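>>> return atomic coordinates for the entry below.
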Amino acid sequence: MNLLIWKAVHIIGFVSWFAGLFYLVRLYIYHVEALSKEQPDRDILSKQFTIMEKRLFTIIVRPAMIITFVGGIAMLVLNPAYLQQGWMHIKLLLVVALAGFSEFNPMYTKFLERGIAPMSSKKMRMLNELPTIFLVAIVLLGVLKDQMSLVDLLLTIVVFTVVLGIFFYIYTKARQKKA
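Predicted coordinates for the structure are as follows:
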């Protein structure tokens, strides 16, 4: 298979992986909020969210992560020169960190299933932004690798993260006013 086929496999994998992560963390937010409801709503919602979380992770998130890795590794085998470039080292570090975040999710589902919410819904909302930061950083590194210096790319990622944090802060304050 040629490089473009593997690139397509890689893109399909990471789009699906991120879609699953975005939705999974959103489900956690709703699950945490459901744990504060009165019975029988609490048990009914909690059971349903647990089923949804497990299926989403098992059927979409983990397989999409594996597809992403297979496509990425195939591209590196076909073009090993990428492994000599600094942007690729950072991208691989981010991908490994994202995989760690991804694999943390089944543990969190088990906590919620037992009625334990280690994080508040506000903290979960902040955690919901983490995949977005990973996505932006990884895509910028992959797409702009030849257009910007590594320092400029990293600075752009930091600025994006700060701007996202400011928007989150403003959104949180607006939400508190409505409550």
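
>>> can you give me the mean pLDDT across the helix or strand where Lys177 lies?
Assigned by DSSP states H and E, Lys177 belongs to helix 150-178. Helix 150-178 comes out with an average pLDDT of 82.

>>> ok, now stretch 93-107?
When pLDDT is averaged along stretch 93-107, the result is 95.

>>> repeat that for stretch 4-13.
Here stretch 4-13 scores 96 as its mean pLDDT.

>>> okay, that stretch in PDB with CA atoms only?
Output of stretch 4-13 as PDB, limited to C-alpha atoms (Å, rounded to 0.1, in the frame of the first residue of the first chain):
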ATOM      1  CA  LEU A   4      -1.500   8.100   0.800                       C
ATOM      2  CA  ILE A   5      -3.600   5.100   1.700                       C
ATOM      3  CA  TRP A   6      -1.900   4.900   5.100                       C
ATOM      4  CA  LYS A   7      -2.400   8.600   5.600                       C
ATOM      5  CA  ALA A   8      -6.100   8.200   4.800                       C
ATOM      6  CA  VAL A   9      -6.300   5.300   7.400                       C
ATOM      7  CA  HIS A  10      -4.500   7.500   9.900                       C
ATOM      8  CA  ILE A  11      -6.800  10.500   9.400                       C
ATOM      9  CA  ILE A  12      -9.900   8.300   9.600                       C
ATOM     10  CA  GLY A  13      -8.600   6.800  12.800                       C
END
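
>>> buried residues in that stretch, which are they?
Within stretch 4-13, the residues that count as buried by 16 or more other Cβ atoms under 10 Å are Trp6, Lys7, Val9, His10, Gly13. The way it works is simple: take the backbone N, C-alpha and C, and place the C-beta from them, glycine included.

>>> which residues of this structure fall in helices?
3-34, 41-55, 62-78, 86-113, 121-127, 130-143, 150-178 (DSSP state H).

>>> flag every buried residue along the helix holding Lys177.
Leu153, Leu154, Thr156, Ile157, Thr161.

>>> how about stretch 71-80?
Residues of stretch 71-80 classed as buried: Gly71, Gly72, Ala74, Met75 (neighbour count, 16+ other Cβ under 10 Å).
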